[in-house]
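**Q** Pasting a predicted model and its sequence here:
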Amino acid sequence: MAEHAVDARGLVRTFDDGTGIRGVDIWVAPGEIHALVGLNGAGKSTLMRLLLGMLTPADGTVTIAGQALKHVDWAAVGHLVDYPLAYRELTCRQNLALGARLHGVSPAKIPGMVAAAIAELQLTQYADRRAAKLSLGNKQRLGLASALQHDPRFIVLDEPTNSLDPSGVILLREALLRRSDEGAAVLVSSHHLDEVARIAGRISVLNAGRVIGSLDPHGVDIERAFFDLVHSDDVAA
Ligand SMILES: Nc1ncnc2c1ncn2[C@@H]1O[C@H](COP(=O)(O)OP(=O)(O)OP(=O)(O)O)[C@@H](O)[C@H]1O
């Protein structure tokens, strides 16, 4: 069987108020889109930060492509967690070129890669506009273009539809489906259960820092199934 692109076991990281991640196993296989859903504060962003080495776990292990985090080839990873990072004074094109360089793309390939990313996220008319002057949604498109342009094998996106208009949501959907078809492993968090159900092969529900179950992406009333799971977990706690 193919090695998981990411494999985390027994992850724990709690904060002073007792919230955080309290013992999570999670993995994503190559070619899979795995969605994480949960209420505000359930721990989705914290879990993603742990997987990306942005936070250190108190317990548990994470491997990416079979490697412990300190040996990971980060050029093969693309992520957008929290806010899209862009230098305000640089244009979209310049920001993307910088992002490509930071991901180790060879200089000769950068202009073509950046042009393709701009076209894919339909940023053409803003390509030479400074990031400071972009609308929120176009800033999000820029962040997504930067996370996806270098053809990462493992993609982590935290609420990527934030601020996107309906055409941006469709572009993102197509971009993720295309990459998973090509073998990339995708982990995505979202509050939009219908959107998640369209693209994910697997949907895990996080509540109070633990994975409490999964939802069937083809289920008839996924919203109801979500609330039933969360409610039962809250009652049991
Ligand atoms: N650096 C931190 N210091 C202290 N507490 C934190 C920190 N980061 C997250 N938390 C707490 O951990 C809990 C989980 O937060 P997290 O952002 O992971 O949730 P989430 O599921 O992503 O929520 P949302 O859907 O609102 O984005 C929250 O109670 C939050 O306040």
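**A** Arrived safely, thanks for sending. Numbers count the residues shown, from 1 in each chain.

**Q** From the contact counts, what lies against the helix or strand where residue 27 lies?
**A** Assigning secondary structure by DSSP states H and E places residue 27 in strand 20-28. Applying 3 or more CB pairs under 8 Å, 6 or more residues apart in numbering; DSSP states H and E, we find strand 20-28 packed against strand 6-14, strand 33-37, helix 44-51, strand 185-189, strand 210-215. C-beta coordinates here come from the backbone N, C-alpha and C atoms, glycine included.

**Q** let's go with 6 Å and repeat that
**A** strand 6-14, helix 44-51 (3 or more CB pairs under 6 Å, 6 or more residues apart in numbering; DSSP states H and E).

**Q** would JSON lines of these with mean neighbour count and mean pLDDT be doable?
**A** Output for the helices and strands packed on strand 20-28, formatted as JSON lines (neighbours: other CB atoms under 10 Å; pLDDT from 0 to 100):
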{"stretch": "strand 6-14", "mean neighbour count": "18", "mean pLDDT": "97"}
{"stretch": "helix 44-51", "mean neighbour count": "24", "mean pLDDT": "97"}
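
**Q** Which of those sits closest to the ligand?
**A** Ranking these by distance to the ligand, with CB to the nearest ligand atom as the measure, places helix 44-51 first at 3.3 Å.

**Q** quick one: contacts of that closest one?
**A** The list of residues contacting helix 44-51 from outside it, by CB atoms under 6 Å, 6 or more residues apart in numbering, reads 6, 8, 11, 13, 20-21, 36, 38, 55, 57, 62, 81, 156, 158, 189, 206.

**Q** Can you give me the distance of the most centrally placed residue in the chain to the ligand?
**A** For the chain, the residue nearest the mean C-alpha position is residue 157 (1.4 Å; CA atoms, centre = their mean). According to CB to the nearest ligand atom, to the nearest Å, residue 157 stands 12 Å off from the ligand.

**Q** you'd agree that residue is in a strand?
**A** Yes. Assessed with DSSP: H, G, I helix; E, B strand; the rest coil, residue 157 lies in a strand.

**Q** so what's it bridging to?
**A** Beta-bridge partners recorded for residue 157 (DSSP bridges): residue 80, residue 188.

**Q** ok, it touching residue 188?
**A** Yes. Residue 157 lies in contact with residue 188 (CB atoms under 6 Å); the separation is 4.7 Å.

**Q** Report how many residues lie close to the nearest residue to residue 41 once chain neighbours are set aside.
**A** Excluding its sequence neighbours, the residue lying closest to residue 41 (CB to CB, 6 or more residues apart in numbering) is residue 19, at 6.5 Å. Other residues near residue 19 number 14, with proximity taken as other CB atoms under 10 Å.

**Q** Could you do the one 5 residues further on as well?
**A** The criterion is other CB under 10 Å. On that basis, residue 24 has 24 neighbouring residues.
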